[in-house]
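> when you get a sec, could you give me coordinates for this:
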Amino acid sequence: MTLRSRRLLLSALTGLAVATTAIVLGVRANAADDKKASAPVKPALSVVVTRPQRATIPVSARANGNIAAWQEASVGTEANGLRLADVRVNVGDVVKRGQVLATFAPESMQVDLLQARAAVAEAEATLGDAAANAERAKSLRATGALSEATINQYVTAERTARARLDAQRAALQARQIKVGQTAVVAPDAGVISSRSATVGAVLPAGQELFRLIRQGRLEWRAEVASSDLAQIKAGTRVTVTPAGGAPIVGTVRMVAPTVDPQTRNGIVYVDLPDPGSARSGMFARGEFETGSSSALTLPQSAVQLREGFSYVFKVGADNKVTQTKIDVGRRFGDRIEVTGGLAADARVVAMGGGFLAEGDTVRVVDTPPAMTASATSAARATPPKP
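Residues are numbered from 1 along each chain as shown. As a prediction, this is how the structure comes out:
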């Protein structure tokens with residue numbers, strides 16, 4: 001055998017060996033791939049699924065507005081030029097109808113009252129004398145001792161004295177009223193909202209001393225869009241939430257008959273029978289319960305908010321999840337209305353969607369898995385055994 005023949009034979013044997021090795025390795029790789037493909041996929045998380053449910057949700061109209069006094073009373077002085085001697089109440093005090101709020105120095109009024117009483121006594125004495133003269137003159141009419149003109153003079157003097165007595169009695173009553181005006185009293189029960197009375201001040205008649213919230217009643221004056229006014233009637237239930245306060249339940253008292261042409265809003269007056277921490281002048285938001293409607297709802301825990309949109313994770317027949325964008329509407333309790341993007345029979349992850357990703361395989365359980373957020377993260381790193 002020549003040298004060339006030996007080399008050709010060696011090359012052929014080497015190629016055969018390489019081919020055989022490649023075939024063996026390929027068979028092993030295919031077997032490994034088949035084994036890997038046939039192995040079950042471990043779930044990323046144990047979840048509870050839910051389906052959209054029909055629920056009756058209240059229909060409401062929302063509005064903003066200010067809290068104000070139902071009615072305010074201005075309490076001032078009726079006496080003129082008197083010195084304020086005592087102020088008995090302050091801002092925030094609860095007062096009753098007829099309660100004395102302040103008093104003026106009564107000395108000058110009491111002097112006038114004494115003078116009026118003396119004038120009445122004098123007029124009574126004058127009337128008594130004139131009446132006696134008129135009676136004697138009438139008794140002498142038959143004798144002719146006095147002329148008819150003289151008798152008439154005595155009768156006229158009696159009538160004049162009686163008129164003067166009536167005038168003095170009226171003056172006395174006026175002085176008594178003036179003395180009563182030295183005490184400033186509350187015209188109604190309520191709460192003192194402002195005070196300008198200062199001890200020692202000499203005030204003219206009509207000067208305001210106090211401002212009173214009548215009966216302590218507050219109301220919410222809501223600015224409601226004209227498109228919602230037709231749905232709101234007297235007696236409608238309202239939930240009012242003052243800034244920084246707890247919700248208050250109120251009732252619509254009246255809907256204003258006009259609408260502001262600039263804002264196209266109308267004022268709705270809402271009585272607040274139990275205002276709680278609310279104060280006059282506070283800003284508040286509110287919801288008017290105008291009815292109810294049926295809607296498709298999901299638990300709020302099933303809806304994830306990402307990049308300004310709402311998503312849910314639908315669970316397929318193979319237990320793989322698919323992230324689905326949905327449209328949402330009203331919220332009621334722990335549920336949220338689904339307005340589009342989801343079928344009524346869809347299976348949705350009830351909670352824990354924030355730890356899932358598109359295409360994850362999950363294990364469906366009947367009860368929620370008892371794990372915290374950190375434990376759930378650990379579950380994704382170390383999947384549970386099937």
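
> where do the helices sit along the chain?
Using DSSP state H, the helices of the chain run over residues 3-38, 107-139, 148-180, 226-229, 373-381.

> and Lys233, what does it touch?
Val252, Val255 (Cβ atoms under 8 Å, 6 or more residues apart in numbering). All C-beta atoms are positioned from the backbone trio N, CA, C, and that covers glycine.

> if we can go back for a sec, and the helices of the chain, which one's lowest on average pLDDT?
Among these, helix 373-381 carries the lowest mean pLDDT, at a mean of 37.

> contacts only, for the residue nearest the centre of the chain.
Against the mean C-alpha coordinate of the chain, by Cα atoms, centre = their mean, the closest residue is Val240 at 2.2 Å. Val240 sits next to Ile67, Trp220, Pro247, Ile248, Val249, Gly250, Val270, Leu272, Ala278, Ala284, Arg285, Gly286 when contact means Cβ under 8 Å, 6+ apart.

> just those residues: which are in strands?
If you go by DSSP state E, the contacts of Val240 have Ile67, Trp220, Ile248, Val249, Gly250, Val270, Leu272, Ala284, Arg285, Gly286 in strands.

> okay, the second one: pLDDT?
In this case it means Trp220. Looking at Trp220, its pLDDT stands at 95.

> what of the fourth one?
Looking at Val249, its pLDDT reads 93.

> please tell me how far it sits from Pro273.
Separation of Val249 from Pro273 (Cβ to Cβ, to the nearest Å): 8 Å.

> before we move on, what about the second one?
According to Cβ to Cβ, Trp220 stands 12 Å off from Pro273.

> and those two? which has more neighbours close in?
Trp220 (28 against 10; other Cβ atoms under 10 Å).

> list the contacts for the residue nearest to that one when sequence neighbours are not counted?
In this structure, Trp220 finds its nearest non-sequential neighbour in Val270, 4.2 Å apart by Cβ to Cβ, 6 or more residues apart in numbering. Residues near Val270 by Cβ under 8 Å, 6+ apart: Glu219, Trp220, Arg221, Ala222, Val238, Val240, Gly250, Thr251, Val252, Arg253, Gly286.

> buried ones among the residues you listed?
For those, a burial check counting by 16 or more other Cβ atoms under 10 Å picks out Glu219, Trp220, Ala222, Val238, Val240, Gly250, Val252, Arg253, Gly286.

> in the sheet, who's paired with the first one?
The reference is to Glu219. Counting by DSSP bridges, Glu219 is bridged to Ala68, Asp271.

> who are the contact partners of it?
Taking Cβ under 8 Å, 6+ apart, we find Glu219 in contact with Ile67, Ala68, Ala69, Trp70, Gly250, Arg253, Tyr269, Val270, Asp271, Leu272.

> that one and Gly81, how far apart?
From Glu219 to Gly81 the distance is 38 Å (Cβ to Cβ).

> Ala119 now?
Relative to Gly81, Ala119 is positioned 22 Å away (criterion: Cβ to Cβ).

> which of those two has more neighbours?
Just comparing Ala119 and Gly81: by other Cβ under 10 Å the higher neighbour count belongs to Ala119, 18 against 11.

> for that one, which non-adjacent residue is spatially closest?
In space, Ala119 is closest to Gln168, 4.5 Å off (Cβ to Cβ, 6+ apart).

> Phe288 too?
Using Cβ to Cβ, 6+ apart, the nearest residue to Phe288 is Ala61, at 4.5 Å.

> mind checking how far that neighbour is from Gly266?
Distance check for Ala61 against Gly266: by Cβ to Cβ, it reads 12 Å.

> rewinding a little: mind putting the ones in strands among the contacts of Val240 into TSV with distance to Ala142?
Formatted as TSV, the entries for the ones in strands among the contacts of Val240 read as follows, by distance: Cβ to Cβ, whole Å:
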residue	distance to Ala142
Ile67	84
Trp220	84
Ile248	87
Val249	87
Gly250	84
Val270	83
Leu272	82
Ala284	89
Arg285	94
Gly286	90
